[in-house]
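test case, fold it:
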Amino acid sequence: MKEKILFIEDDKDLQLSLRIYFLENGFSVDQAYTGAEGLAKIEKALPDLVTLDLGLPDIKGESLCREIKTDYPDLPVIILTAKNTSQDIIKGLGIGADDYVPKPFSLEELLARVKTRLRASPASGILKIDNLKMDLKKYEVTRNGKKIDLTPTEFNLLEYLVKNQGQVLSRNSILNRVWTYERDVETRVVDVYIGYLRKRIDGNFKKKLIHNVRGFGYVIKSS
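This next block holds a predicted model:
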């Protein structure tokens, strides 16, 4: 599954450049122009990495960074800002950011830093919920130690659910994340694949992990 980057940045020209460049380099891209919009998007569908401008129009970037890292400690955050003195960089890293890229910067450098952060992120390794374990590097899924064979689409769907465990995900959000670049796909395909996944993940276990929330979508949870 393509890794998703959320750019929180109020500069529309820079946003356009970031979107084009990262899409061309195989990423899924989401964008927010204010801090409030960025938080809402993180809560709705957790990205793999966030870049954050400190000079946002509604929320101080430093406060937003602290809030993100408090609520989502494993979510990598890279600060992009015109504040580029050594003291600014030390301060930025001190508020919890994983990296600090002063403006102006090259897109090539940012891409390299993003890849480095993602390789170091726990999201690139092992995911767990209850007795279910996903190894993202080996593309292996086990429950209670028993291996479960999944198709690539089923694996991607399960990964998205587990990364957002406890959160109700709408059919549209699942469709837009798992079937990112496929056209003419209807939301009912989500129901079909959730059915497939339930048979493989929950079928032989008394405790069910994948749940339907009528009128909203689906959630994976251990209780």
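
rest of the way, CA atoms for contacts and neighbours
Will do.

contact partners for the residue most central in space within the chain?
The residue lying closest to the centre of the chain (CA atoms, centre = their mean) is Pro47, at 1.7 Å. Each residue near Pro47 by CA atoms under 8 Å, 6 or more residues apart in numbering is listed here: Glu3, Lys4, Ile5, Leu6, Leu75.

again, only this time at 10 Å
With contacts defined as CA atoms under 10 Å, 6 or more residues apart in numbering, the neighbours of Pro47 are 3-7, 28-30, 41, 75-76, 160, 163-164, 177.

flag the shaky bits of the protein, pLDDT-wise.
Within the chain, the segments meeting pLDDT under 70 span 1, 84-86, 120-124, 180-185.

would you map the strands across it?
Under the criterion DSSP state E, strands of the chain are mapped to 4-8, 28-32, 49-53, 77-81, 99-102, 126-129, 132-135, 140-143, 146-148, 169-170, 210-213, 217-220.

highest mean neighbour count out of these?
strand 49-53 (a mean of 26; mean count of other CA atoms under 10 Å).

next one: that one to chain centre, how far?
Taking CA atoms, centre = their mean, to the nearest Å, the mean C-alpha location of strand 49-53 is offset from the chain mean by 12 Å.

for that strand, list the C-alpha coordinates in PDB.
Listed next in PDB are the C-alpha coordinates belonging to strand 49-53 (Å, rounded to 0.1, in the frame of the first residue of the first chain):
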ATOM      1  CA  LEU A  49       3.900  11.000   8.100                       C
ATOM      2  CA  VAL A  50       3.100  14.700   8.600                       C
ATOM      3  CA  THR A  51       5.000  17.700   7.400                       C
ATOM      4  CA  LEU A  52       4.100  20.800   9.400                       C
ATOM      5  CA  ASP A  53       4.600  24.500   8.700                       C
END
